[in-house]
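> Sharing a model prediction with you, sequence too.
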Amino acid sequence: MSVLDKQQTIAVIGTGTMGAGIAQVAAAAGHPVLLYDAMAGAAEKAIAGTGKALDGLVAKGRMSQEARDALIGRLGCVATLGDLAPAKLVVEAVKEDLSIKRTLFSELEGIVGGDAILASNTSSLSITAIAAALKKPERFAGLHFFNPAPLMPLVEVVAGLATAPSVMETLMATASAWGKSPVATRSTPGFIVNRVARPFYAEGLRVLQEGGGDVATLDAIMREAAGFRMGPFELMDLIGHDVNFAVTSSVHASYFGDPRFTPSIIQQELVEAGRLGRKSGRGFYDYAPGAVKPEAATAPDAQRPTEVEITGDLGPAEPLVALIQGAKIKLRRKAAGGVGRIQIGAATAVLTNGMSATERAASLGLADLIVFDLALDWAAAQRVAIAAAEQASPEALAAVAGLFQALGKSVSVLADIPGLIVLRTVAMLANEAADTALHRVATMAAIDLAMVKGTNYPKGPLAWADAIGPAAILAVLDNLARTYGEDRYRASSLLRRVAARGGRFHP
């Protein structure tokens, strides 16, 4: 099989937000689309809703009236499953219940033609388990769109144990023809995105639980230093804590209690309190009318340094050299081995490596040590996080804050948390991505593409690890594992192999 011809009919079962969106995507690509929903009037309501949304695009000049009418004209409602017989591809988007989906597809098997492809938009259930009830499981696969389907480019094309390669090829080609960015993945818990993304939420929750910083500050750092469109707490509020907590719990249970996926008691408490985020009016933030969003904690203006000394290679923070020179601060550079460091008077600043600042200060024999967090792009970063060792003086903290402020950055002072927030999160994302590749769930290229296109990450986790250096990522994880004594921070054996040979994940 190859790409489905535009003349071939697509069927969508379940016309909620996801089903309606998938139907719109298929119709926009030129296919006739049949919509079915067990609830009377739901399919008609979905088409009306799509029409209203497209009217908005027409009003803004982003779509012609003719194109809008043609798209809506390709959408049709049917009253029974039997009316879906002409479909060459059926996409299901009903309740996430294994029994319901199995029953539905068993019935569909006797309705559609023998060459029709059956697909589920499930985000959490096993494609292999759903297909087990079918006589021809080889024609069944996952076709997981992301919300909102018309806008989000990623589609995970999921192979169950019995899925035929030709079916995967057709779905990949068809999704691409629909203007999407498809990635092939095996049916394992969470597929790619819902598995690899867990640390983005988990590390933020962990740092919050340990008092590393407040919600608004941690979110601001992840946006303004790491380049994410939303911080973890903003994003969880948007997704809904009931949904996010359920996905984390499902992945945790599916991997037999692997501590990497342990749910947070903070989020559990929000769910129990009914504080589900935007949809309930309150989550980490208050969304009531007139509520004021809290601001990030920002250090007061400190004295601008007149000169600094940099010893050794700063590694991922090396771009700071050019920024310091551009700020007209006198710079002395000394070549040396060991830890790259920035000296501002008596204060020493080093990039975090997963150790606490206090432990790092003891290991280096430096009292006035300040650690700073990673930034995706040092020139573009608007904010930098720093933390002081317990031995450090207030003057040392102010000196380092003054340096970053002179470079045009806002500074947030966090508690002395190992790995701070950006670097530990990136390290855990890269580690989970490495294990996903190790387990042959998907290729490294597919994993990075999925995380950029499906979650709007500023960089694929493995590409980000390459930019930082796999050996540096490994050091962060090993330091976190030693500090916490938890298997949660165990490094992937693939990461260890890549780091040991001084290599990269991508050529």
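Structure received.
> what residues does stretch 207-219 touch?
Residues from elsewhere that reach stretch 207-219, judged by Cβ atoms under 8 Å, 6 or more residues apart in numbering: 204, 221, 230-234, 264-266, 284-285, 293-297, 385, 412, 414-415, 417, 420-421, 424. All C-beta spots, glycine's among them, are computed from the backbone N, C-alpha and C.
> Restricted to strands, list the residues you listed.
Of the positions in the contacts of stretch 207-219, 385, 412 sit in strands, assigned by DSSP state E.
> And the contacts of stretch 207-219, which of them are buried?
204, 221, 230-234, 264, 284-285, 296-297, 385, 412, 414, 417, 420-421, 424 (16 or more other Cβ atoms under 10 Å).
> So which bits of stretch 35-54 are buried?
With the criterion 16+ other Cβ under 10 Å, stretch 35-54 contains buried residues 35-37, 42-43, 46-47, 50, 54.
> can you list contacts of stretch 256-267?
Judged by Cβ under 8 Å, 6+ apart, the contacts made with stretch 256-267 from elsewhere in the structure are 198-199, 201-202, 205-206, 208-209, 236, 241, 244-245, 248-249, 251-252, 255, 432, 486-488, 490.
> buried sites along it?
By neighbour count with 16+ other Cβ under 10 Å, stretch 256-267 contains the buried residues 258, 260-264, 267.
> Figure out the length between the terminal residues of that stretch.
Distance between the boundary residues of stretch 256-267 (Cα to Cα, to the nearest Å) amounts to 20 Å.
> In the stretch 401-507 of the chain, what residue spans correspond to helices?
422-438, 444-455, 461-468, 470-484, 493-500 (DSSP state H, counting those that start in this stretch).
> list the helices and strands the longest one packs on?
Of the remaining helices and strands, those touching helix 422-438 by 3 or more Cβ pairs under 8 Å, 6 or more residues apart in numbering; DSSP states H and E are helix 193-196, helix 198-209, helix 215-224, helix 444-455, helix 461-468, helix 470-484, helix 493-500.
> now these as CSV including distance to Leu81?
Formatted as CSV, the helices and strands packed on helix 422-438 follow (distance: least, Cβ to Cβ, whole Å):
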stretch, distance to Leu81
helix 193-196, 29
helix 198-209, 36
helix 215-224, 45
helix 444-455, 30
helix 461-468, 41
helix 470-484, 50
helix 493-500, 45
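> Point out the most buried one among the ones you listed.
Relative to the other members of the helices and strands packed on helix 422-438, helix 193-196 carries the highest mean neighbour count by mean count of other Cβ atoms under 10 Å, namely a mean of 25.
> Out of the helices of the stretch 401-507 of the chain, which is closest to Leu364?
With distances scored as Cβ to Cβ, the stretch of those nearest to Leu364 is helix 470-484 (13.7 Å).
> Between helix 422-438 and the closest one, find me the angle.
Orientation check (axes from the mean of the first three to the mean of the last three Cα atoms, to 10 degrees): helix 470-484 against helix 422-438 gives 110 degrees.
> Using CSV, write out the CA atom coordinates for helix 470-484.
Once side chains and other backbone atoms are set aside, the C-alpha atoms of helix 470-484 remain, and they are given as CSV (Å, rounded to 0.1, in the frame of the first residue of the first chain):
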residue,chain,number,x,y,z
PRO,A,470,26.8,13.5,26.6
ALA,A,471,29.6,13.2,29.1
ALA,A,472,28.4,16.3,30.9
ILE,A,473,24.8,15.0,30.9
LEU,A,474,26.0,11.7,32.3
ALA,A,475,27.9,13.6,35.1
VAL,A,476,24.8,15.5,36.1
LEU,A,477,22.7,12.3,36.3
ASP,A,478,25.4,10.4,38.3
ASN,A,479,25.7,13.3,40.7
LEU,A,480,21.9,13.4,41.1
ALA,A,481,21.8,9.7,41.6
ARG,A,482,24.5,9.8,44.3
THR,A,483,22.9,12.8,46.0
TYR,A,484,19.4,11.3,46.2
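> what angle separates that helix from helix 461-468?
Computed by the same axes, to 10 degrees, the angle separating helix 470-484 from helix 461-468 equals 100 degrees.
> Centre of the chain to stretch 105-120, how far?
The chain centre lies 33 Å from the centre of stretch 105-120; the measure is Cα atoms, centre = their mean, to the nearest Å.
> And stretch 147-156, by the same measure?
How far stretch 147-156 lies from its chain's middle: 14 Å, per Cα atoms, centre = their mean.
> outside of it, which residues touch it?
If you take Cβ under 8 Å, 6+ apart as the criterion, stretch 147-156 is touched by 17-18, 21-22, 24-25, 28, 142-146, 175, 179-183, 185, 191-193, 449-450, 453-454.
> Turn the buried ones among these into a named ChimeraX selection, would you?
Applying 16+ other Cβ under 10 Å to the contacts of stretch 147-156 leaves a buried subset, and the ChimeraX line that selects it is:
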select :18,21,22,24,25,28,142,143,144,145,146,175,180,181,182,183,185,191,192,193,449,450,453,454
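> Span of stretch 156-168 from start to end?
With Cα to Cα as the measure, the first residue of stretch 156-168 is 11 Å from its last.
> Ignore what I typed, I meant stretch 182-201.
End-to-end span of stretch 182-201 (Cα to Cα): 24 Å.
> tell me the mean pLDDT over it?
Averaging the model's pLDDT scores along stretch 182-201 yields 97.
> quick one, phi psi at Leu134?
Backbone geometry at Leu134, expressed as degrees, to the nearest 10, gives phi -90, psi 150.
> how close does it sit to Ile468?
Counting by Cβ to Cβ, to the nearest Å, the gap between Leu134 and Ile468 amounts to 45 Å.
> And Ala220, by the same measure?
Look at Ala220 and Ile468: by Cβ to Cβ, they are 22 Å apart.
> Over to Val78?
Applying Cβ to Cβ, the value for Val78 to Ile468 is 52 Å.
> And Leu98, by the same measure?
In this structure, Leu98 and Ile468 are separated by 40 Å, where distance is defined by Cβ to Cβ.
> do Leu218 as well
Counting by Cβ to Cβ, the gap between Leu218 and Ile468 amounts to 20 Å.
> what does Lys6 give?
The span separating Lys6 from Ile468 equals 44 Å under the rule Cβ to Cβ.
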